[in-house]
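> Got a predicted structure plus its sequence, pasted below:
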Amino acid sequence: MMPITALLHRPFLYLLLACLPLASTAQESDDLKDPAFNFGIQAGVITPSALFRVRNTVREAEGMRYQIDPSTGFQVGGLATFRLSKRFQLQGGLTLLLRNYDCSATYEEQTLRARLNTTLYEIPLLITYYQRMSERLLLSLGTGVNLQTLPSDLGTREQHLQVLALHKAFVLPASLTVLGLEFRAKNRGGFFVGLSYCITPFHLYDTVFLSKFDGRERVYSAPHVGDYFGLVARYYLD
């Protein structure tokens, strides 16, 4: 099995290496400094991708087949940045993460389906490195801890299938990496577009299936895998 650190950085490393030749040609000036403190807002789209372990979960037990299919999700929030040096920043914020899952339980020729919508809160704390590619364009790579919390249990019911998200802990740490490009508009703030990848080594909650086939009730629990790959956009206020 590939180490987690390799899974975390390899997709972003390729993009970073591709951009370095451009960055090396940029001319830096001492007066091109980021604000000591800044604030921004961000929004993102979470997309399923087997390449980034955001894939279907399939389990079988007692002749039944349980499946969890992640679909498109969204996130929105704000962040604050603190300039540590010419090349490094400390970033922290609060993000609302909305994720959707299509769940199904199959027994013989019968299939029950339900859609589970979850709402998580994230508190990322990242160290970000900036490489100036031109006077207005910067390449940034940030990595750090992303605290995730599910404040309360969630659930949904469709006919004879009930799916619950039962949290195992109030808050757990995850790993977050963000890579992208930022354009600094003169007197109009900064615009950032990039990729985000979150790895959750711990299970924040269990997905519990309560199904009923031919009058018999069955209960099955599967640990939640919260990894996600997303596209994120930000606007910084200067």
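Perfect, thanks for sending it.
> Next, the buried residues of the host helix or strand of residue 212.
For residue 212, the element it lies in under DSSP states H and E is strand 205-213. The neighbour-count check on strand 205-213 (16 or more other C-beta atoms under 10 Å) flags 205, 207, 208, 209, 210, 211, 213 as buried. The way it works is simple: take the backbone N, C-alpha and C, and place the C-beta from them, glycine included.
> And the helices in the protein?
Here the chain has its helices, by DSSP state H, at 4-24.
> In it, where is pLDDT below threshold?
1-33, 51-53 (pLDDT under 70).
> Can you tell me the strand partners of the lengthiest strand in it and which way each runs?
Assignment by DSSP state E gives strand 110-132 as the longest strand of the chain. In the sheet, strand 110-132 lines up against strand 88-107 (antiparallel), strand 137-149 (antiparallel) (DSSP bridges).
> Measure how it sits relative to strand 205-213, angle-wise.
Angle between the axes of strand 110-132 and strand 205-213 is 160 degrees (criterion: axes from the mean of the first three to the mean of the last three C-alpha atoms, to 10 degrees).
> how far does strand 110-132 sit from the chain's center?
4 Å (C-alpha atoms, centre = their mean, to the nearest Å).
> re the thing from before, residues making contact with the strand holding residue 212?
Here strand 205-213 makes contact (C-beta atoms under 8 Å, 6 or more residues apart in numbering) with 64, 66, 68, 101, 103, 105, 107-108, 110, 112, 116, 150, 153, 160-168, 217-224.
> Can you list the strands that that strand pairs with?
strand 161-167 (antiparallel), strand 216-223 (antiparallel).
> which of the ones you listed sits most buried?
Mean neighbour count (mean count of other C-beta atoms under 10 Å) peaks for strand 161-167 among these, with a mean of 20.
> Other residues contacting that strand?
103-105, 112-114, 116, 118, 150, 152-157, 204-212, 221, 224.
> For residue 195, which of the strands paired with strand 110-132 is the nearest?
Ranking these by proximity to residue 195 (C-beta to C-beta) places strand 137-149 first, at 10.4 Å.
> What is the neighbour count of the closest residue to residue 161 other than its chain neighbours?
The shortest distance from residue 161 to any non-neighbouring residue, by C-beta to C-beta, 6 or more residues apart in numbering, is to residue 112 (3.7 Å). Around residue 112 there are 19 other residues, counting by other C-beta atoms under 10 Å.
> from memory residue 112 sits against residue 105, does it?
Yes. With contact defined as C-beta atoms under 8 Å, residue 112 counts as touching residue 105 (4.9 Å).
> could you redo the strands paired with strand 205-213 as CSV and give each row distance to residue 85?
Output for the strands paired with strand 205-213, formatted as CSV (distance: least, C-beta to C-beta, whole Å):
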stretch, distance to residue 85
strand 161-167, 39
strand 216-223, 40
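> Which of these sits closest to residue 199?
Once the strands paired with strand 205-213 are compared by C-beta to C-beta, strand 216-223 is nearest, at 14.7 Å.
> Specify which member of the buried residues of strand 205-213 is nearest to residue 50.
Closest approach to residue 50 among the buried residues of strand 205-213 (C-beta to C-beta): residue 207, at 18.9 Å.
> partners of the closest one in the sheet?
Beta-bridge partners, per DSSP bridges, of residue 207: residue 165, residue 222.
> tell me the contacts of the nearest residue to residue 68 once chain neighbours are set aside?
Using C-beta to C-beta, 6+ apart and skipping the chain neighbours, the partner closest in space to residue 68 is residue 57 (4.2 Å). Shown in contact with residue 57 (C-beta under 8 Å, 6+ apart): 67, 68, 222, 225.
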